[in-house]
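1. sequence first, then the predicted structure, then my questions.
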Amino acid sequence: METRESVRLRTLLDTGIAISSELALDPVLERIVEAAAALTGARYAALGVIDRTGMALERFITTGIDEETRTTIGEEPHGRGILGVLIRDAVPLRLHDIRDDPRSVGFPPGHPPMATFLGVPILLRGVAYGNLYLSEKADETDFTDEDEEIVTLLAAQAAVAVENARLYESATEWSRQLESLNEIGNALLTELDLKRLLELVARRLRELIDARVVAIALPEGDELRIEAAAGEGAEALTGSTLPRDGSKAGRILDRRRSERVDSLLDDPEVHASVTRLLGARSGLYVPLLVRDEAIGVLIAHDRLGRDVRFGDSAVRLAEQFAARAAIAVDLSRRVATDALRRVVAGQELERKRLARELHDETGQALTSILLGLKAVEGSGSEDEMRRAADDLRALVVATLQDVRRLAVELRPKALDDFGLVAALERLAETFTESTGIELQLEARLGPERLPGEVETTLYRIVQEALTNVVKHAEAEHVSILIVRREGTVTAVIEDDGRGFDPAATREAGLGLLGMRERAALVGGRVAVESSGESGTTLVVEVPVR
């Protein structure tokens, strides 16, 4: 037959084994609370875990109180009264009747009556993690020194369990943070859509800091526009605007430093529309900084849980995510500026070519027409006048054809009115008439027209390729095949002329760089194969959604 001492030792041993084999904190603490009640004969036992601020309880686990009574009592204790004394002083406390202690604040309605009390701090290396509370011994006697010693041993085991759980939670949290930061870092290298990037930043940050909603606002004139949001009310928030001069986000943009607001109602800088729209109570504001310039604001509202305020760790994490959002915005602007610069440069190059042709060809033709008119005026006979008029008519017709050709090169009307195939047919006809090179065009695009930007891209690339044929290839035959299938349009331009070595030839000199950039703007690509014996093949692939 087991003695009382052997039962106690076995219970302590079983509890220690449970702590070492269980990662989840609540089941371990429940086991400790039940063991404390059993070893001391207490009718009621509880364990409170102090939150990281050291001022209140974040967990409160009980035994001896049924579910109906717990529901009647309502909200769990926050750590006031006698429980608050143990949190502040962190020393064992034994009372004959808890109700007689002047520090007691009483019990809520529906709480069972309690008199005798034993409270022991949960300590490890001088750090207080919580307290074990016991009340009402079954034999209606006071708690003894032996009870306090046993409960102190259990409290030491509870301290180990809490520390291990927090270390595990911290490691897991760090792992989640690193995974999210790596995901965003990879997206910065591969994702071109700024909106999707900002939505990813908002979504991942919200998950890590347990916010009700996270949004990213960018300046737009005198306002701040919410470009991305995640969480409750995100759809209504996205696309909405805030006044830059009359909002908290605008002030953060000007001050270029992070701020945490524990109560939005008490901050006069907070725009009232935000609190009305979201019912937000707390806020976190972090500027998006690039080279000390604020280019946007990251906003978070209401931490989930009983305490809606954000902690210092949430601020630091939000600053890390804001830095990556700033990189995304800055890169997007740089890419847009560079693309615009290249477009303008291409336009200027085209204008120079057209100006040269107008000056050299059309200008000379118009000068010849003026001279021809003088010839008509100075004709000595009717036959001479007729011959001069015929020469002048032929010159006007040729000049008109040149002007039409230049107009087609600028922007073929058929491309807008009838689509890519009609525009290419007209281009092929003009090309053969002006160069004498035979051109065969085959187009299999189906009845549905391509998106306008895709049609323009393919037309310009074919146009540039034919210009290269005339300038460099000395070809006799050219073929163009353009096919649409499985979400892709492929154009193949081949000639039988003099090829070139792609590795030894400057792409800019043949316009290949411009072709590749044009294709890249619509998500396409350009490939070139060329040799001196077999001419040149240009393949363009463009996705079509």
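-> Thanks, I have the structure now.

2. point out where the stretch 1-150 of the chain drops to low pLDDT.
-> Applying pLDDT under 70 to the stretch 1-150 of the chain flags the ranges 1-24, 52-56, 73-81, 105, 110.

3. how about a cut-off of 80?
-> 1-26, 28, 50-59, 65-90, 100-111, 113, 124-129 (pLDDT under 80).

4. burial measure for the residue nearest to Leu415 when sequence neighbours are not counted, as a count.
-> Closest residue in space to Leu415, ignoring its immediate chain neighbours: Ala423 at 3.8 Å, by CB to CB, 6 or more residues apart in numbering. To be clear about C-beta, it is placed using only N, CA and C from the backbone, and glycine gets the same treatment. Residues lying near Ala423 (other CB atoms under 10 Å) number 24.

5. over to Ala423. Which of the three states is it?
-> Secondary structure for Ala423, judged by DSSP: H, G, I helix; E, B strand; the rest coil, is helix.

6. start at 26 instead
-> Okay, residue one is now 26; in that scheme the one you just asked about reads as Ala448.

7. ok, it to Thr455 distance?
-> Distance, Ala448 to Thr455, by CB to CB, to the nearest Å: 11 Å.

8. thought Arg334 was touching Ser307?
-> Yes - using CB atoms under 8 Å, Arg334 is in contact with Ser307, at 5.0 Å.

9. higher neighbour count, those two?
-> Ser307 (21 against 16).

10. so what strands line up beside the helix or strand Ser160 falls within?
-> Here Ser160, judged by DSSP states H and E, is contained in strand 152-162. Strand 152-162 sits in its sheet next to strand 67-75 (antiparallel), strand 142-149 (antiparallel), going by DSSP bridges.

11. give me the buried positions along it.
-> 153-162 (16 or more other CB atoms under 10 Å).

12. next, the distance between the ends of stretch 512-525.
-> 32 Å (CA to CA, to the nearest Å).

13. for the record, mean pLDDT for that stretch?
-> When pLDDT is averaged over stretch 512-525, the result is 89.

14. contacts made by it with the rest, please.
-> Here stretch 512-525 makes contact (CB atoms under 8 Å, 6 or more residues apart in numbering) with 470, 475, 479, 483, 486-487, 490-491, 494, 497-509, 535, 555-570.

15. can you tell me which of those are in helices?
-> If you go by DSSP state H, the contacts of stretch 512-525 have 479, 483, 486-487, 490-491 in helices.

16. and stretch 468-479, what's its mean pLDDT?
-> Averaged across stretch 468-479, the pLDDT comes to 87.

17. residues contacting it, please?
-> 444-446, 449, 480, 483, 505-509, 514, 546-547, 567, 569-570.

18. derive a PyMOL selection command for the buried subset of those.
-> Applying 16+ other CB under 10 Å to those leaves a buried subset, and the PyMOL line that selects it is:
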select buried, resi 444+445+446+449+480+483+505+507+509+514+547+567+569
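
19. could you list the low-pLDDT ranges of the stretch 426-570 of the chain?
-> Along the stretch 426-570 of the chain, the parts satisfying pLDDT under 80 run over 426-442, 525-539, 542, 546, 556-559, 570.

20. just to revisit the earlier point, let me see the contact set for the residue nearest to Leu440.
-> So Ala448 contacts 437, 439-440, 480, 484 (CB under 8 Å, 6+ apart).

21. pull the most distant pair out of the ones in helices among the contacts of stretch 512-525.
-> Val479 and Leu491 (18.9 Å; CB to CB).

22. show me where the stretch 126-275 of the chain has helices.
-> 170-215, 219-234, 259-262, 273-280 (DSSP state H, counting those that start in this stretch).

23. residues in contact with the second one: which ones?
-> Read it as helix 219-234. Contacts for helix 219-234 (CB under 8 Å, 6+ apart): 198, 201-202, 205, 208-209, 212-213, 216, 236, 238-241, 252-256, 259, 309, 323, 325, 328, 335, 339, 342-343, 346, 349-350, 353-354, 357.

24. against Val58, how distant is the residue nearest to Asp164 when sequence neighbours are not counted?
-> The shortest distance from Asp164 to any non-neighbouring residue, by CB to CB, 6+ apart, is to Gly66 (6.4 Å). According to CB to CB, Gly66 stands 14 Å off from Val58.

25. the two - which one has more neighbours?
-> Between Gly66 and Val58, counted using other CB under 10 Å, Val58 has the larger neighbour count: 24 against 14.

26. just the element for that one, please.
-> Using DSSP H and E, Val58 falls in helix 50-65.

27. how far does that helix sit from its chain's centre?
-> 45 Å (CA atoms, centre = their mean, to the nearest Å).

28. that one: which residues count as buried?
-> Applying a neighbour-count criterion of 16+ other CB under 10 Å, one finds 50, 53-54, 56-62, 64-65 buried in helix 50-65.

29. packing partners of it?
-> In terms of contacts (3 or more CB pairs under 8 Å, 6 or more residues apart in numbering; DSSP states H and E), helix 50-65 is packed against helix 29-46, strand 67-75, strand 82-88, strand 152-162, helix 170-215.

30. with just CA atoms, put that helix into CSV.
-> Taking C-alpha atoms only, helix 50-65 is exported to CSV below (Å, rounded to 0.1, in the frame of the first residue of the first chain):
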residue,chain,number,x,y,z
LEU,A,50,1.7,25.0,-22.6
ASP,A,51,-1.9,24.8,-21.5
PRO,A,52,-2.1,21.0,-21.1
VAL,A,53,1.1,21.1,-18.9
LEU,A,54,-0.3,23.9,-16.8
GLU,A,55,-3.6,22.1,-16.4
ARG,A,56,-1.6,19.0,-15.2
ILE,A,57,0.3,21.2,-12.7
VAL,A,58,-2.9,22.8,-11.3
GLU,A,59,-4.6,19.4,-10.9
ALA,A,60,-1.5,18.0,-9.2
ALA,A,61,-1.4,21.0,-6.8
ALA,A,62,-5.1,20.5,-5.8
ALA,A,63,-4.6,16.8,-5.3
LEU,A,64,-1.4,17.0,-3.3
THR,A,65,-2.7,19.7,-0.9
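
31. and the angle for it with strand 67-75?
-> Inter-element angle recorded for helix 50-65 and strand 67-75: 140 degrees (by axes from the mean of the first three to the mean of the last three CA atoms, to 10 degrees).

32. tell me the most buried of the helices of the stretch 126-275 of the chain?
-> helix 219-234 (a mean of 21; mean count of other CB atoms under 10 Å).

33. any idea of the mean pLDDT in it?
-> 86.

34. where does the stretch 176-325 of the chain have low pLDDT?
-> In the stretch 176-325 of the chain, residues with pLDDT under 80: 186-218, 271, 296-304.
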